[in-house]
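> Sequence and predicted structure below; questions after.
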Amino acid sequence: MVRVYLHEVTKIFGKNVVALDKVELEVRSGEFMVVMGPSGHGKTTLLRVVAGLEEPTDGEVWIGDTLVASPRKGIFIPPKDRNVGMVFQNWALYPHMKVFDNIAFPLRIKKLPKSEIEKKVREIAEVLGIAETLDRYPRQLSGGQQQRVAIARALVKEPQVLLMDEPFSNLDARIRVTARAFVKDIQKKLGITTILVTHDPADALTLADRIAVLRRGVIQQIGLPSEIYDKPVNVFVANFIGDINLFDGSIVGKGNEVYFDGGDVKVQLPQNINVQGNGSVILGIRPEDVVLSKEVISNNNDLIYVGKGTVEISEFAGGKFNVMVKLQSTEVKVVSSTSFGLGEPVHVYFNSRKIKIFDKQTEKLLYG
Ligand SMILES: Nc1ncnc2c1ncn2[C@@H]1O[C@H](COP(=O)(O)OP(=O)(O)OP(=O)(O)O)[C@@H](O)[C@H]1O
C-alpha cells in the first residue's frame, strides 16, 4: 500500500474561486482518512486532484514515491496512469449494462484477457457479497447493492488508493449504518489507503482512522476522531463535528477565583485562562457534558454548578432524552439518560473536564 501526500496544494477555478488553499495533507499507507466540511468547501475538488481529474494550480501531489502533479515542475500524470479507484457521489453506474459489465468496465479499458476479467469480477463480487447480482441491471438492485457495485468497480483493478465522494448520501438512514460498517470492514480487510469525503459527522466519527476538517478550502485540523471531537481547534470544528452549546461572555476574576461570565451562565473555571484583548470569549459545552439533577449534587468534584433552570422540552431519543432547559433567558441543550417532566425545575451542572473556551475574536481554542 502507499501513502498519499498533498503538499501545499492550491486549486483556483476561473479567476478567483479558491477551492483548495495550500492544503497540506498526508494520508498514511493503509489509512482511512475522512475529509469533512460543508457543501462547496472543496472536498470533491480535493478528491479529483488526487484522482487526476483536476490539475492543481500550485503545489505537489504524491502517490507513493511518484510525484503525480506539480505545476511548477510541469508534471501531470493522467488519471488512467495513477492506479486510483474512485466511487462517485451518485455511484455513476451504467444503467444499460448488467452488474457484471459495470464491474468489468475498467478491466476492459485495460484490455485484460477475457478469462482474467471473468475471474477478477467474480472474485471482487464475492468479496463484496454481490455475486448473485452479476446478471442483473443496476435498477434491479437495492441502494445498498448499487453502492457495492460502485465500490466493486473501483476496486476491481486493484488500485493503490480508494477515493470515495459522499458514498452514503443516496442511502436512507437505516441502510447507511450497515453500509458504513461494510465499507469500514472492506477497507480494513484490503488495507487500502482510502480518502472518503463527507459533510456528515457520523460518517467521519465512525469510519475514520483520522479526520481532516476543511473550511473554505483550508484544512482546519487533522486528528483522531476523539481529538477532533474533544479538542477542536476552533468554534467551526467544534460545531461541525457535533452538537455544542455556545455562550458568549468574558473571563473575570483572578487567582483561584476565575469565572466565565455570560450573564445567565456564570461558571467558575478550573484555571486561569490567558485571553487577549478585552477578555471576550465563547464557552462551549456539548449536550452530553451537561448534567441535570432534581437535587443539589454535592459529592462530585468534576461538576460545576451553573444555576437553576426549568425543563422546556424533553424528547425520548431511544435510550436517551434530548432535553432543552431554560436558564433565565438562555437555553441549554442537554442529552440526559433520565427523563424530566415539562416545566420541572432542575439544577444545571457542566462537566468541568469538558468545558471549552474559545477566543471570541479568533474563535480559536484557548482552553479545553
Ligand atoms: N469546475 C469548476 N469550475 C468552477 N468552480 C468550481 C468547479 N468545481 C468546483 N468549483 C467551486 O469550487 C468550490 C469547491 O467545490 P467542491 O465541489 O470541491 O466542494 P464540496 O465541498 O465537494 O461540495 P459538495 O459537498 O456540495 O459536493 C465551490 O465554490 C465550487 O463552486
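The structure has been received and is ready for your questions. Residues are numbered from 1 along each chain as shown.
> From now on I want contacts and neighbour counts done on CA atoms only, so please keep to that.
Noted.
> Now for the residue in the stretch 151-300 of the chain that the ligand sits nearest to: which residues touch it?
Closest to the ligand within the stretch 151-300 of the chain is His199: 6.4 Å, counting by CA to the nearest ligand atom. His199 sits next to Met36, Gly37, Pro38, Ser39, Glu166 when contact means CA atoms under 8 Å, 6 or more residues apart in numbering.
> Looking at it now. What's its pLDDT?
Listed pLDDT for His199 reads 93.
> Only whichever of the contacts of His199 are buried, select them in PyMOL.
Selecting only the buried entries of those in PyMOL, with 16 or more other CA atoms under 10 Å as the criterion:
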select buried, resi 36+37+166
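> Relative to Glu126, which of the contacts of His199 is nearest.
If you rank these by distance to Glu126 using CA to CA, Glu166 comes first, at 23.9 Å.
> Need the phi and psi values for that closest one.
When read as degrees, to the nearest 10, the backbone of Glu166 gives phi 40, psi 60.
> could you say what helices and strands the longest strand seen in the chain packs with?
Determined from DSSP state E, the single longest strand within the chain is strand 303-316. When contacts are defined as 3 or more CA pairs under 8 Å, 6 or more residues apart in numbering; DSSP states H and E, strand 303-316 sits against strand 265-268, strand 321-327, strand 345-351.
> Which of those sits closest to Glu55?
Closest approach to Glu55 among the helices and strands packed on strand 303-316 is made by strand 321-327 (46.2 Å; CA to CA).
> neighbouring contacts of the closest one?
With contact meaning CA under 8 Å, 6+ apart, strand 321-327 is reached by 264-265, 307-316, 331-340.
> roughly how far out does the helix or strand following it sit from the chain middle?
Sequence-wise, the next helix or strand downstream of strand 321-327 (DSSP states H and E) is strand 330-336. Averaging C-alpha positions (CA atoms, centre = their mean, to the nearest Å) puts strand 330-336 24 Å from its chain's average.
> do the same with stretch 2-9
Computed by CA atoms, centre = their mean, the chain-centroid distance of stretch 2-9 equals 19 Å.
> what residues does that stretch touch?
Here stretch 2-9 makes contact (CA under 8 Å, 6+ apart) with 20-30, 56-64, 160-161, 193.
> what is the mean pLDDT for that stretch?
97.
> in the top helix by length along the chain, what's buried?
Identified as the longest helix of the chain according to DSSP state H is helix 173-190. Under the neighbour-count criterion of 16+ other CA under 10 Å, helix 173-190 has Arg176, Ala179, Arg180, Val183, Gln187 buried.
> who does that helix touch, helix- and strand-wise?
Applying 3+ CA pairs under 8 Å, 6+ apart, we find helix 173-190 packed against helix 201-207.
> Please repeat the previous calculation with a cut-off of 10 Å.
With contacts taken as 3 or more CA pairs under 10 Å, 6 or more residues apart in numbering; DSSP states H and E, helix 173-190 sits against strand 32-36, helix 143-155, strand 193-198, helix 201-207.
> Can you get me the centre-to-centre distance for that helix and its chain?
15 Å.
> same check, this time on stretch 166-183
Distance, centroid of stretch 166-183 to centroid of chain: 14 Å (CA atoms, centre = their mean).
> quick one: that stretch near the ligand?
No: residues of stretch 166-183 contacting the ligand under CA under 6 Å from any ligand atom: none, with a closest distance of 7.7 Å.
> For the remainder of this discussion, apply numbering that starts at 349.
Sure thing, new numbering starts at 349, so read that last one as stretch 514-531.
> and Ile705, what element?
Element membership for Ile705, per DSSP H and E: strand 704-707.
> right, and the helix or strand after that strand?
Past strand 704-707, the next helix or strand by DSSP H and E is strand 713-715.
> Contacts for that next one next, please.
Residues outside strand 713-715 that contact it (CA atoms under 10 Å, 6 or more residues apart in numbering): 579-583, 586, 619-623, 629-632, 702-708.
> The nearest residue to Pro515 once chain neighbours are set aside in helix, strand or coil?
Take Pro515 and drop its neighbours on the chain: the residue closest to it by CA to CA, 6 or more residues apart in numbering is Gln437, 5.3 Å away. For Gln437, the assignment made with DSSP: H, G, I helix; E, B strand; the rest coil gives coil.
> Now, of the contacts of strand 713-715, which are buried?
In those, the ones that pass as buried (16+ other CA under 10 Å) are 579-583, 586, 620-621, 623, 629-632, 702-708.
> Can you name the residues of the protein that neighbour the ligand?
Residues of the chain lying near the ligand (CA under 6 Å from any ligand atom): Phe361, Ala367, Pro386, Ser387, Gly388, His389, Gly390, Lys391, Thr392, Thr393.
> Reformat the residues you listed as TSV; add pLDDT.
Output for the residues of the chain next to the ligand, formatted as TSV (pLDDT from 0 to 100):
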residue	pLDDT
Phe361	96
Ala367	97
Pro386	93
Ser387	91
Gly388	92
His389	95
Gly390	95
Lys391	95
Thr392	95
Thr393	97
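> Quick one, which of the residues you listed are buried?
Buried members of the residues of the chain next to the ligand, scored by 16+ other CA under 10 Å, are Ala367, His389, Gly390, Lys391, Thr392, Thr393.
> before we move on, the earlier item: where among the helices and strands packed on helix 521-538 is average confidence lowest?
helix 491-503 (a mean of 88).
> I'd like to know which elements it is packed against.
Checked by 3+ CA pairs under 10 Å, 6+ apart, helix 491-503 has strand 432-435, helix 447-457, helix 462-475, strand 509-513, helix 521-538 packed alongside it.
> Residues touching the third one, excluding its own?
Contact with helix 462-475 is made by 447-456, 459-460, 476-482, 496-497, 499-501, 503-506, 534, 537, as judged by CA under 10 Å, 6+ apart.
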